[in-house]
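Colleague: Give me a model of this one.
(chains A and B)
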Amino acid sequence: MAVAGTLGPRLDRERFQWSSLLMLAPGSVLLLVLFLGPVLYALYIGFTNLALVGSRSRDYSFTGLENVTRMLGDYVFIKSSWLTILFVVGSAIVGQSVLGMLLAILLRNAVVPIRAVVGSVVIVAWVLPEITVALIWYAFSQAGGTLSILLGHTSSNYLVLVPMLIVSLANLWRNVAFSMLVFSAGLRNLPSEVLEAAEVEGASVFRRYRLVILPLLRPTIVTNLLLVTILNLSEFTLIYAMTQGGPGIETTTLPIYVYQEAFVFHQLGYGTAISLVLVLIGAFFSLLFVRASRSQV
Amino acid sequence: MLSEVRFEGVHKIFGTETAVEDLNLTVNAGEFLVLVGPSGCGKTTTLRMLAGLERPSYGRILIGDKLVNNVSPRFRDVAMVFQSYALYPHMNVYDNLAFGMRARGASNDLVAQRVRETAEVLGLGHLLQRRPSQLSGGQRQRVALGRALIRQPQVFLMDEPLSNLDAGLRVQMRAELSRLHQRFRVTTVYVTHDQVEAMTMGDRIAVLNAGRLQQVDAPETLYDNPANMFVAGFIGSPRMNFVPGRLASSEGKASVSFLGITTPLGTGARLTAGAASGDVTVGIRPEDLMWRPAAGPDCTLTLHAEVDVVEPMGHEAYVTALCAGETVTSRFPPRSGVRTQESVELALNPARLHLFDAQSGITILQRPVAAAAETLRSVGEARTNEPAEGRSERHRQPEAPLAPSRSEEIS
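Modeller: The predicted model follows:
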């Protein structure tokens, strides 16, 4: 531009000062030492034969793709991966999100006392320590427990009969409050005039939800799915407290398998390699959701 | 197609707040009625009750001959334009326009045809694929209007649709809305706090204050014969001057004293039945209080005043002056050369005076205008809204006349 030369350097340029590096240094060092370092080290350990005890705990070495080939032939690992995906998709993505959305919608239209009571009950389940929830559901699903009485088979232990279903339900029961809260906040923030416009225009309730409310909630839905997936992928306490991964390996999800390999069988290297697969699964779902959120805005 | 709208004894109470009180109002079929009043006067609540977004606490609302109190907004066949436009942000203009028709199960061909026609009328043809976020304020406004027009509803409801537009665009859209109404003649209820919009667009104007209907009349009638001091002060800019005065009558001749002068009341004007000698409030519109050198022969009264503030507006100047201890505003020609502190002579036509009861603020002087009969009814209606009169008993009148006021039946 013609004026640029005559007016001197622009005053609104982005500025950089070397001295700011000094100010950034402490934070960078902390990040390097406490975050990036361990992550890279774990990545390395995943490709070694490091053990927790014994000679390999000192004289371990890089083994290339040995852990990977071992995984591919490891029946427990493959079953465990499927169980993890089943758990995340069934309990978290479908169960928790759908039920959370339904609760949020129902409570939005409920009278105040019902909203207060139901909302509190759902949140109390969330606030309970995981170990308490595990105990409640353990007792609930045992032979002679409430579930067996309700279903009329008092001698059936449902934690043995359908273990994955029971732990998934327990997890759903505990975590549904999270999704409910996220969706309630999302629904509250929708522009009321837009919803009223749809109502005056003659759209049925179903149509309003399908064509207006849910599309407007899209960012909230994606955020919820992302958080719920990441939180549930690493779920350990509840499952381990209820079943220790059993009966057999029927509830051995990846976090439990990692624990068993690393701390029960002392195979730190292999355990770390499995946990890296867990990270990959998480990254895959996250990518999926982020792409879904970008395709339409 | 054309439907009238009736409010019969409608109240709306939120908690302990009464938003609308005993509203009796008929919007004639095909009429453009403007609901006007200050913020919080209940005009938007009235509109929302008509749309079905609020339920009246008491009373009846009828569209056509159908009682709609418990009819959901979906089934009222009304279209509403919101202040914020309330477009669907995730849909393009085409889908925004088509939404209502699709919701009512119209075929794709019909939808496409009507979207095309509506877009044509509103000049939106080249914008059909855009999202609302890609439109200017005026274009969004047009889409919101189109969304209402396309459905060809029985009644249009508009909630301050122009308030988010800049001044120039507002004038343009005002004319456009009037044109659309001339063309389609759909019964329209238009809410605004802007008296200019009310005066320029309304077939009739309903003035609300504090939840009560003050007066319903044609714009000119409302201006020339305001039912009370609120309406007189609300309609007109600058505001009407109110000064204290005294009314005296002897042998059928009435005279009024104010600002140090006394004048007999002009011929033609007559006092209402309730008028009595004593304290009154005299109302003078700024344009009726003229600079003597610019005044016509009708302005027989002369007032002496000292100029306080001069506000030049270009085509005219507002002069605030002190006259007999009262501050009055008058309209001067643009280049009068009058300065602050200067003494001026103001001229006044006695036939242009307004008189109000000093206590109640209700008008006590009827001025001769063409629509005087209608005004009388409206004045009566505004009066029935005064708390002193018994309103507890609500009449049900199956066949209401088309006239705005139903005071005869109520009181």
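
Colleague: all contacts plus neighbour counts: C-alpha atoms, from now on.
Modeller: Fine.

Colleague: pretty sure B:Thr188 is in contact with B:Thr26, am I right?
Modeller: No: the pair B:Thr188 / B:Thr26 is not scored as a contact, 11.8 Å apart, by CA atoms under 8 Å.

Colleague: neighbour-wise, which of those two wins?
Modeller: Ranked by neighbour count (other CA atoms under 10 Å in any protein chain shown), B:Thr188 and B:Thr26 place B:Thr188 first, with 28 against 23.

Colleague: and the gap between that one and A:Gly144?
Modeller: Note on B:Thr188: its distance to A:Gly144, by CA to CA, to the nearest Å, is 69 Å.

Colleague: so where is the stretch 301-411 of chain B shaky, pLDDT-wise?
Modeller: Low-confidence segments of the stretch 301-411 of chain B (pLDDT under 70): B:368-411.

Colleague: switch to 80 and redo it
Modeller: Applying pLDDT under 80 to the stretch 301-411 of chain B picks out residues B:367-411.

Colleague: ok, which stretches of it are helices?
Modeller: B:372-384, B:407-410 (DSSP state H, counting those that start in this stretch).

Colleague: Let's test this: mean pLDDT of stretch B:130-140, rounded?
Modeller: Per-residue pLDDT over stretch B:130-140 has a mean of 89.

Colleague: who are the neighbours in contact with the closest residue to chain B within the stretch 51-200 of chain A?
Modeller: Going by CA to the nearest CA, chain B is nearest to A:Val194 of the stretch 51-200 of chain A, at 4.4 Å. Listed by CA atoms under 8 Å, 6 or more residues apart in numbering or on different chains, the contact partners of A:Val194 are B:Ala86, B:Leu87, B:Tyr88.

Colleague: Could you do A:Glu196 as well?
Modeller: B:Leu53.

Colleague: Next one, pLDDT for it please.
Modeller: Confidence score, pLDDT, at A:Glu196: 91.

Colleague: And B:Phe234, by the same measure?
Modeller: 91.

Colleague: same question, the one 3 residues further on
Modeller: Reading off the per-residue confidence, B:Ser237 sits at a pLDDT of 84.

Colleague: what's the neighbour count on it?
Modeller: By other CA under 10 Å, neighbour count at B:Ser237 equals 12.

Colleague: Give me the phi and psi for it.
Modeller: phi -140, psi 130 (degrees, to the nearest 10).

Colleague: and if you look at B:Val189?
Modeller: phi -110, psi 120.

Colleague: Tell me how confident the model is about stretch B:110-124, as a mean pLDDT.
Modeller: 87.

Colleague: what's the answer for stretch A:288-297, then?
Modeller: Mean predicted confidence for stretch A:288-297 is 72.

Colleague: nearest residue to the residue in the stretch 51-200 of chain B that chain A sits nearest to other than its sequence neighbours?
Modeller: Nearest residue of the stretch 51-200 of chain B to chain A (CA to the nearest CA) works out as B:Arg74 at 3.9 Å. Leaving aside its sequence neighbours, B:Arg74 sits nearest to A:Gly202 (CA to CA, 6 or more residues apart in numbering or on different chains; 3.9 Å).

Colleague: residue contacts, whichever residue of the stretch 101-250 of chain A sits closest to chain B?
Modeller: Residue nearest to chain B within the stretch 101-250 of chain A: A:Gly202 (3.9 Å; CA to the nearest CA). Neighbour list for A:Gly202: B:Pro73, B:Arg74, B:Phe75, B:Asp77, B:Gly100, B:Ala103, B:Arg104 [criterion: CA under 8 Å, 6+ apart].

Colleague: For the residues you listed, give me JSON lines that also has neighbour count and secondary structure.
Modeller: Putting the contacts of A:Gly202 into JSON lines (neighbours: other CA atoms under 10 Å in any protein chain shown; DSSP: H, G, I helix; E, B strand; the rest coil) gives the following:
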{"residue": "B:Pro73", "neighbour count": "25", "secondary structure": "helix"}
{"residue": "B:Arg74", "neighbour count": "22", "secondary structure": "helix"}
{"residue": "B:Phe75", "neighbour count": "16", "secondary structure": "helix"}
{"residue": "B:Asp77", "neighbour count": "18", "secondary structure": "coil"}
{"residue": "B:Gly100", "neighbour count": "25", "secondary structure": "helix"}
{"residue": "B:Ala103", "neighbour count": "17", "secondary structure": "helix"}
{"residue": "B:Arg104", "neighbour count": "15", "secondary structure": "coil"}
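
Colleague: Could you count how many residues lie near residue 53?
Modeller: Answering for chain A, as no chain was given. 13.

Colleague: Oops, wrong one, chain B.
Modeller: 16.

Colleague: quick check, it in a strand?
Modeller: No: assessed by DSSP: H, G, I helix; E, B strand; the rest coil, B:Leu53 does not belong to a strand; its assignment is coil.

Colleague: distance of the closest residue to B:Leu162 other than its chain neighbours from B:Glu197?
Modeller: In space, and not counting its chain neighbours, B:Leu162 is closest to B:Arg170: 5.9 Å by CA to CA, 6+ apart. Here the distance between B:Arg170 and B:Glu197 works out to 9 Å (CA to CA).

Colleague: Also A:Ala116?
Modeller: Per CA to CA, A:Ala116 is found 45 Å from B:Glu197.

Colleague: which of these two has more neighbours?
Modeller: Applying other CA under 10 Å to A:Ala116 and B:Glu197 shows that B:Glu197 carries more neighbours, namely 20 against 12.

Colleague: Surely the more buried one touches B:Ala175?
Modeller: No: if you go by CA under 8 Å, B:Glu197 and B:Ala175 don't touch, sitting 9.9 Å apart.

Colleague: Report pLDDT for residue 94.
Modeller: Because you didn't say which chain, this covers chain A. pLDDT for A:Val94: 89.

Colleague: should've been chain B
Modeller: Note for B:Tyr94: predicted pLDDT of 91.

Colleague: So which bits of the stretch 51-200 of chain B are right by chain A?
Modeller: Within the stretch 51-200 of chain B, the residues that sit near chain A (CA under 8 Å from any CA of the partner chain) are B:51-53, B:73-80, B:82, B:84, B:86-90, B:99-100, B:103-104.

Colleague: same thing but 7 Å
Modeller: B:51, B:73-75, B:78-79, B:86-88, B:90, B:100, B:103-104 (CA under 7 Å from any CA of the partner chain).

Colleague: Redo those residues as a markdown table? Include distance to B:Glu31 and pLDDT.
Modeller: Shown next, in a markdown table, are these (distance: CA to CA, whole Å; pLDDT from 0 to 100):
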| residue | distance to B:Glu31 | pLDDT |
| --- | --- | --- |
| B:Ala51 | 17 | 91 |
| B:Pro73 | 21 | 90 |
| B:Arg74 | 23 | 88 |
| B:Phe75 | 22 | 89 |
| B:Val78 | 15 | 91 |
| B:Ala79 | 15 | 91 |
| B:Ala86 | 25 | 90 |
| B:Leu87 | 26 | 91 |
| B:Tyr88 | 29 | 92 |
| B:His90 | 35 | 90 |
| B:Gly100 | 24 | 89 |
| B:Ala103 | 27 | 89 |
| B:Arg104 | 26 | 87 |
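
Colleague: need the residues of chain A near chain B, please.
Modeller: A:Glu193, A:Val194, A:Ala197, A:Glu199, A:Val200, A:Glu201, A:Gly202, A:Ala203, A:Val297.

Colleague: mind pulling up the phi and psi values for A:Ala25?
Modeller: phi -60, psi -50.

Colleague: and the gap between it and B:Val186?
Modeller: 70 Å.

Colleague: Counting neighbours, go ahead and name the busier of these two.
Modeller: More crowded of A:Ala25 and B:Val186, by other CA under 10 Å: B:Val186, with 23 against 11.

Colleague: domains in chain A, as residue ranges please.
Modeller: A:43-78, A:97-254 (automatic domain parsing).

Colleague: roughly how far is the longest one from the heart of the chain?
Modeller: Looking back up the chat, that one is domain A:97-254. Computed by CA atoms, centre = their mean, to the nearest Å, the chain-centroid distance of domain A:97-254 equals 13 Å.

Colleague: The closest residue in space to B:Arg239 that isn't next to it in sequence: which element?
Modeller: What sits nearest to B:Arg239 in space, not counting adjacent residues and going by CA to CA, 6+ apart, is B:Gly233, at 5.4 Å. Per DSSP states H and E, B:Gly233 falls inside helix B:229-234.
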